[in-house]
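In: I need the structure of the sequence given here:
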Amino acid sequence: MRIFARGWSDGFDGPGRRLVYYLKGCNLRCHWCGNPESIAAVPEMLFYPRKSAFASESCPHGAVRDGLLDRHACARCMDHACVERWRDPAFELVGEEITLSNLLAQVEERRPFFGEDGGVTFSGGEPTLQMDALLAAADALRERGVHVAIETNASSPRFHELAGRSDLLICDLKAISGDLHARMTGADNRLILANLASGIAMTVRVPLIRELNFVPEEREKIHRFLVETRPERVGLLLLHRLGRPKYEALGMAWGAENLTPPDRDDVEAFRLALERDGLAAEMLN
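Out: Model prediction:
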(Lines give C-alpha, C1' and ligand atoms only; values in the text may rest on other atoms or scores of the structure.)
Protein backbone atom coordinates (compact mmCIF):
# COMPACT_ATOMS: atom_id res chain seq x y z
CA MET A 1 0.00 0.00 0.00
CA ARG A 2 1.36 3.42 -0.94
CA ILE A 3 0.50 6.32 1.36
CA PHE A 4 1.42 10.00 1.33
CA ALA A 5 0.70 10.71 5.00
CA ARG A 6 -0.65 9.34 8.25
CA GLY A 7 -2.03 11.29 11.18
CA TRP A 8 -4.71 11.69 13.84
CA SER A 9 -8.27 12.90 13.45
CA ASP A 10 -10.82 13.57 16.18
CA GLY A 11 -14.43 12.91 15.21
CA PHE A 12 -14.12 14.05 11.59
CA ASP A 13 -13.03 10.94 9.68
CA GLY A 14 -15.30 8.64 11.66
CA PRO A 15 -16.22 8.39 15.34
CA GLY A 16 -13.73 9.07 18.12
CA ARG A 17 -9.99 9.47 17.84
CA ARG A 18 -8.73 7.91 14.64
CA LEU A 19 -5.45 7.01 13.02
CA VAL A 20 -5.85 8.03 9.37
CA TYR A 21 -3.85 6.53 6.51
CA TYR A 22 -3.91 8.71 3.40
CA LEU A 23 -3.45 6.57 0.30
CA LYS A 24 -1.61 8.09 -2.66
CA GLY A 25 -3.19 8.29 -6.09
CA CYS A 26 -6.53 9.69 -7.26
CA ASN A 27 -8.55 9.34 -10.45
CA LEU A 28 -10.33 12.70 -10.08
CA ARG A 29 -8.86 16.17 -10.58
CA CYS A 30 -10.95 18.40 -8.32
CA HIS A 31 -9.93 22.04 -8.72
CA TRP A 32 -10.18 22.70 -4.99
CA CYS A 33 -8.40 19.57 -3.74
CA GLY A 34 -6.87 20.20 -0.32
CA ASN A 35 -4.23 17.50 -0.80
CA PRO A 36 -2.73 17.90 -4.29
CA GLU A 37 0.16 15.66 -3.24
CA SER A 38 -2.39 12.84 -3.13
CA ILE A 39 -3.22 12.93 -6.84
CA ALA A 40 -0.18 11.31 -8.47
CA ALA A 41 0.41 7.68 -7.52
CA VAL A 42 4.21 8.06 -7.57
CA PRO A 43 6.36 9.75 -4.90
CA GLU A 44 6.73 13.53 -5.27
CA MET A 45 8.85 16.30 -3.84
CA LEU A 46 7.25 19.37 -2.27
CA PHE A 47 9.62 22.34 -2.31
CA TYR A 48 9.32 25.28 0.11
CA PRO A 49 12.33 27.55 -0.65
CA ARG A 50 11.42 30.07 2.06
CA LYS A 51 11.93 27.42 4.74
CA SER A 52 15.68 27.15 4.16
CA ALA A 53 18.54 29.36 3.02
CA PHE A 54 20.63 26.33 2.06
CA ALA A 55 18.35 24.44 -0.32
CA SER A 56 20.77 24.63 -3.26
CA GLU A 57 23.58 23.20 -1.12
CA SER A 58 21.31 20.40 0.12
CA CYS A 59 20.82 19.07 -3.41
CA PRO A 60 24.09 17.55 -4.69
CA HIS A 61 22.59 17.13 -8.17
CA GLY A 62 22.09 20.82 -8.90
CA ALA A 63 18.30 20.69 -9.11
CA VAL A 64 17.89 23.95 -7.16
CA ARG A 65 18.91 27.21 -8.81
CA ASP A 66 17.88 30.74 -7.90
CA GLY A 67 15.28 29.42 -5.48
CA LEU A 68 13.59 27.23 -8.11
CA LEU A 69 13.43 23.44 -8.27
CA ASP A 70 14.16 21.70 -11.56
CA ARG A 71 11.52 18.99 -11.25
CA HIS A 72 12.83 16.97 -14.18
CA ALA A 73 16.21 16.67 -12.46
CA CYS A 74 14.49 16.00 -9.15
CA ALA A 75 12.43 13.18 -10.64
CA ARG A 76 15.62 11.45 -11.83
CA CYS A 77 17.20 11.56 -8.37
CA MET A 78 17.70 8.19 -6.71
CA ASP A 79 19.17 9.10 -3.31
CA HIS A 80 17.05 12.10 -2.15
CA ALA A 81 20.02 13.43 -0.21
CA CYS A 82 18.15 16.66 0.53
CA VAL A 83 15.73 14.68 2.69
CA GLU A 84 17.57 11.52 3.68
CA ARG A 85 21.00 13.04 4.42
CA TRP A 86 20.55 16.76 5.05
CA ARG A 87 16.93 16.80 6.23
CA ASP A 88 16.55 20.24 4.73
CA PRO A 89 13.14 21.75 5.69
CA ALA A 90 12.73 23.15 2.16
CA PHE A 91 12.13 19.62 0.86
CA GLU A 92 9.32 17.19 1.69
CA LEU A 93 9.21 13.84 -0.07
CA VAL A 94 5.71 12.31 -0.10
CA GLY A 95 4.87 8.76 -1.04
CA GLU A 96 5.99 5.64 0.79
CA GLU A 97 5.19 1.95 0.65
CA ILE A 98 3.86 0.33 3.80
CA THR A 99 3.38 -3.40 4.19
CA LEU A 100 0.36 -4.89 5.88
CA SER A 101 2.49 -6.26 8.71
CA ASN A 102 4.00 -2.83 9.35
CA LEU A 103 0.59 -1.19 9.26
CA LEU A 104 -0.81 -3.69 11.77
CA ALA A 105 2.18 -3.13 14.05
CA GLN A 106 1.70 0.65 13.90
CA VAL A 107 -1.99 0.32 14.72
CA GLU A 108 -1.37 -2.01 17.66
CA GLU A 109 1.24 0.39 19.06
CA ARG A 110 -1.19 3.30 18.88
CA ARG A 111 -4.35 1.42 19.80
CA PRO A 112 -4.42 2.70 23.42
CA PHE A 113 -4.97 6.21 22.01
CA PHE A 114 -8.19 5.27 20.15
CA GLY A 115 -10.34 5.43 23.28
CA GLU A 116 -13.64 3.59 23.41
CA ASP A 117 -15.00 4.54 19.98
CA GLY A 118 -11.99 5.39 17.80
CA GLY A 119 -10.23 3.34 15.16
CA VAL A 120 -8.53 3.52 11.76
CA THR A 121 -9.65 5.41 8.66
CA PHE A 122 -8.35 4.92 5.11
CA SER A 123 -8.58 8.14 3.12
CA GLY A 124 -6.81 9.59 0.12
CA GLY A 125 -6.33 10.35 -2.62
CA GLU A 126 -8.69 7.61 -3.62
CA PRO A 127 -8.09 4.45 -1.57
CA THR A 128 -10.10 2.15 -3.86
CA LEU A 129 -7.39 2.55 -6.53
CA GLN A 130 -5.48 0.18 -4.25
CA MET A 131 -8.52 -2.00 -3.60
CA ASP A 132 -6.80 -5.32 -2.91
CA ALA A 133 -4.41 -3.83 -0.35
CA LEU A 134 -7.23 -1.73 1.13
CA LEU A 135 -9.55 -4.69 1.68
CA ALA A 136 -6.75 -6.86 3.06
CA ALA A 137 -5.91 -4.17 5.62
CA ALA A 138 -9.57 -3.57 6.50
CA ASP A 139 -10.20 -7.28 6.99
CA ALA A 140 -7.11 -7.76 9.14
CA LEU A 141 -7.93 -4.79 11.36
CA ARG A 142 -11.56 -5.78 11.85
CA GLU A 143 -10.49 -9.31 12.75
CA ARG A 144 -8.48 -7.66 15.54
CA GLY A 145 -11.49 -5.70 16.74
CA VAL A 146 -10.42 -2.34 15.29
CA HIS A 147 -13.18 -0.06 13.95
CA VAL A 148 -12.45 0.69 10.27
CA ALA A 149 -13.74 3.58 8.16
CA ILE A 150 -13.11 4.05 4.43
CA GLU A 151 -13.44 7.39 2.63
CA THR A 152 -14.00 7.16 -1.14
CA ASN A 153 -15.21 9.14 -4.13
CA ALA A 154 -17.41 6.12 -5.01
CA SER A 155 -16.03 5.86 -8.54
CA SER A 156 -14.73 2.29 -8.38
CA PRO A 157 -16.34 -0.45 -10.51
CA ARG A 158 -15.54 -2.67 -7.52
CA PHE A 159 -17.50 -0.44 -5.15
CA HIS A 160 -19.84 -3.29 -4.16
CA GLU A 161 -16.87 -5.11 -2.62
CA LEU A 162 -16.76 -2.48 0.12
CA ALA A 163 -20.12 -3.61 1.47
CA GLY A 164 -19.61 -5.30 4.81
CA ARG A 165 -15.83 -4.85 4.67
CA SER A 166 -15.71 -1.75 6.88
CA ASP A 167 -17.62 -0.39 9.85
CA LEU A 168 -18.23 2.98 8.19
CA LEU A 169 -18.23 3.96 4.53
CA ILE A 170 -17.93 7.70 3.78
CA CYS A 171 -18.62 8.67 0.15
CA ASP A 172 -18.34 11.94 -1.74
CA LEU A 173 -21.11 13.48 -3.83
CA LYS A 174 -19.86 16.45 -5.82
CA ALA A 175 -22.54 17.01 -8.47
CA ILE A 176 -25.55 15.39 -10.10
CA SER A 177 -25.32 17.08 -13.52
CA GLY A 178 -22.83 15.17 -15.65
CA ASP A 179 -21.42 18.22 -17.43
CA LEU A 180 -20.89 20.03 -14.14
CA HIS A 181 -19.21 17.01 -12.54
CA ALA A 182 -16.86 16.79 -15.53
CA ARG A 183 -15.97 20.48 -15.13
CA MET A 184 -15.41 20.04 -11.39
CA THR A 185 -13.42 16.81 -11.46
CA GLY A 186 -12.47 15.96 -15.04
CA ALA A 187 -14.45 12.71 -14.84
CA ASP A 188 -17.83 11.20 -15.65
CA ASN A 189 -20.17 10.63 -12.69
CA ARG A 190 -22.61 7.99 -13.95
CA LEU A 191 -20.93 5.12 -12.11
CA ILE A 192 -20.52 7.31 -9.02
CA LEU A 193 -24.24 8.06 -8.88
CA ALA A 194 -25.10 4.40 -9.45
CA ASN A 195 -22.80 3.38 -6.61
CA LEU A 196 -24.25 6.00 -4.29
CA ALA A 197 -27.75 4.73 -5.12
CA SER A 198 -26.81 1.07 -4.65
CA GLY A 199 -28.40 0.72 -1.21
CA ILE A 200 -25.10 0.06 0.55
CA ALA A 201 -25.02 1.68 4.00
CA MET A 202 -22.96 4.86 3.86
CA THR A 203 -22.46 8.44 4.94
CA VAL A 204 -22.46 10.91 2.05
CA ARG A 205 -20.41 14.09 2.15
CA VAL A 206 -21.02 17.02 -0.19
CA PRO A 207 -18.31 19.67 -0.71
CA LEU A 208 -20.23 22.87 -1.39
CA ILE A 209 -18.90 25.54 -3.75
CA ARG A 210 -20.94 28.68 -4.39
CA GLU A 211 -20.17 28.99 -8.12
CA LEU A 212 -20.49 25.28 -8.96
CA ASN A 213 -22.77 22.91 -7.07
CA PHE A 214 -24.46 25.42 -4.76
CA VAL A 215 -26.27 27.28 -7.52
CA PRO A 216 -30.05 26.80 -7.00
CA GLU A 217 -30.66 24.28 -9.81
CA GLU A 218 -27.80 21.96 -8.85
CA ARG A 219 -28.49 22.34 -5.13
CA GLU A 220 -32.05 21.15 -5.74
CA LYS A 221 -30.79 18.16 -7.75
CA ILE A 222 -28.47 17.18 -4.91
CA HIS A 223 -31.33 17.55 -2.45
CA ARG A 224 -33.61 15.30 -4.49
CA PHE A 225 -30.90 12.68 -4.99
CA LEU A 226 -30.16 12.50 -1.27
CA VAL A 227 -33.86 12.20 -0.40
CA GLU A 228 -34.27 9.41 -2.94
CA THR A 229 -31.16 7.43 -1.91
CA ARG A 230 -31.43 8.11 1.83
CA PRO A 231 -27.87 7.67 3.12
CA GLU A 232 -27.41 7.07 6.84
CA ARG A 233 -25.95 10.55 7.31
CA VAL A 234 -25.16 13.61 5.19
CA GLY A 235 -22.14 15.81 5.86
CA LEU A 236 -21.90 19.28 4.31
CA LEU A 237 -18.42 20.68 3.69
CA LEU A 238 -17.57 24.26 2.77
CA LEU A 239 -14.75 25.00 0.34
CA HIS A 240 -11.49 25.90 2.14
CA ARG A 241 -8.08 27.15 0.98
CA LEU A 242 -5.81 25.26 3.36
CA GLY A 243 -4.16 23.26 0.59
CA ARG A 244 -3.16 26.25 -1.53
CA PRO A 245 0.52 26.45 -0.39
CA LYS A 246 1.04 22.83 -1.44
CA TYR A 247 0.18 23.61 -5.06
CA GLU A 248 3.05 26.09 -5.22
CA ALA A 249 5.30 23.57 -3.47
CA LEU A 250 4.47 21.01 -6.18
CA GLY A 251 4.82 23.48 -9.05
CA MET A 252 1.10 23.14 -9.82
CA ALA A 253 -1.49 25.78 -10.67
CA TRP A 254 -4.21 26.20 -8.05
CA GLY A 255 -7.54 25.82 -9.82
CA ALA A 256 -9.79 27.33 -7.14
CA GLU A 257 -8.66 30.95 -7.39
CA ASN A 258 -12.13 32.18 -8.34
CA LEU A 259 -14.15 29.74 -6.23
CA THR A 260 -15.73 30.63 -2.91
CA PRO A 261 -17.67 28.85 -0.16
CA PRO A 262 -21.38 29.53 0.24
CA ASP A 263 -22.60 31.66 3.12
CA ARG A 264 -22.94 29.58 6.26
CA ASP A 265 -26.52 30.76 6.75
CA ASP A 266 -27.43 29.42 3.30
CA VAL A 267 -25.76 26.10 4.03
CA GLU A 268 -27.61 25.88 7.33
CA ALA A 269 -30.88 26.46 5.46
CA PHE A 270 -29.96 23.63 3.08
CA ARG A 271 -29.14 21.39 6.04
CA LEU A 272 -32.49 22.13 7.67
CA ALA A 273 -34.29 21.38 4.39
CA LEU A 274 -32.63 17.97 4.31
CA GLU A 275 -33.63 17.35 7.92
CA ARG A 276 -37.23 18.27 7.15
CA ASP A 277 -37.14 15.48 4.58
CA GLY A 278 -36.02 13.00 7.21
CA LEU A 279 -32.25 12.98 6.64
CA ALA A 280 -29.63 13.26 9.39
CA ALA A 281 -27.50 16.15 8.12
CA GLU A 282 -24.67 18.17 9.67
CA MET A 283 -22.30 20.95 8.70
CA LEU A 284 -18.75 19.67 9.18
CA ASN A 285 -16.61 22.82 8.99
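
In: N35: what's its closest spatial neighbour, skipping adjacent residues?
Out: In this structure, N35 finds its nearest non-sequential neighbour in G243, 6.0 Å apart by Cβ to Cβ, 6 or more residues apart in numbering. (C-beta placed from N, C-alpha, C; glycine too.)

In: contacting residues around that neighbour?
Out: Listed by Cβ atoms under 8 Å, 6 or more residues apart in numbering, the contact partners of G243 are W32, C33, G34, N35, P36.

In: residues contacting the first one?
Out: For W32, the contact set (Cβ under 8 Å, 6+ apart) comprises P207, I209, L239, G243, G255, A256, L259.

In: and what of the fourth one?
Out: Taking Cβ under 8 Å, 6+ apart as the contact definition, N35 lies against F4, A5, Y22, G124, G125, G243, K246.

In: and it, how far from R110?
Out: N35 sits 22 Å away from R110, going by Cβ to Cβ, to the nearest Å.

In: distance check, the residue nearest to N35 against E143.
Out: 35 Å.

In: make sure G62 is indeed in a strand.
Out: No: read with DSSP: H, G, I helix; E, B strand; the rest coil, G62 is coil and lies in no strand.

In: pLDDT weak spots in the stretch 151-285 of the chain?
Out: Applying pLDDT under 70 to the stretch 151-285 of the chain flags no residue at all.

In: which residues in it form strands?
Out: 168-172, 203-208, 233-238, 281-283 (DSSP state E, counting those that start in this stretch).

In: which stretch among those strands comes nearest M184?
Out: The minimum distance between M184 and those falls on strand 203-208, with 9.1 Å, by Cβ to Cβ.

In: buried set for stretch 221-239?
Out: I222, H223, F225, L226, T229, P231, V234, G235, L236, L237, L238, L239 (16 or more other Cβ atoms under 10 Å).

In: of these, which pair is most distant in space?
Out: Taking every pair in the buried residues of stretch 221-239 and measuring Cβ to Cβ, the maximum separation is 23.4 Å, between T229 and L239.

In: give the closest residue to the residue nearest the centre of the chain in space, chain neighbours not counted.
Out: Centroid check for the chain by Cα atoms, centre = their mean gives G124 as the closest residue, at 3.8 Å. Distance criterion Cβ to Cβ, 6+ apart; nearest residue to G124, sequence neighbours excluded, is L23 at 4.7 Å.

In: quick check, pLDDT for the one you found.
Out: Here the pLDDT value assigned to L23 is 98.

In: for the one 4 residues further on, same thing?
Out: In this prediction, N27 carries a pLDDT score of 97.

In: which residue ranges of the stretch 1-150 of the chain form helices?
Out: Listed in chain order, the helices of the stretch 1-150 of the chain (DSSP state H, counting those that start in this stretch) span 55-58, 71-76, 81-84, 100-110, 131-143.

In: packing partners of the last one?
Out: Translated: helix 131-143. Here helix 131-143 touches helix 100-110, strand 119-123, strand 147-152, going by 3 or more Cβ pairs under 8 Å, 6 or more residues apart in numbering; DSSP states H and E.

In: count the residues that sit near E92.
Out: As a burial measure, E92 scores 18 neighbours (other Cβ atoms under 10 Å).

In: how much space between it and E44?
Out: Going from E92 to E44 by Cβ to Cβ gives 9 Å.

In: repeat that for E248.
Out: 13 Å.
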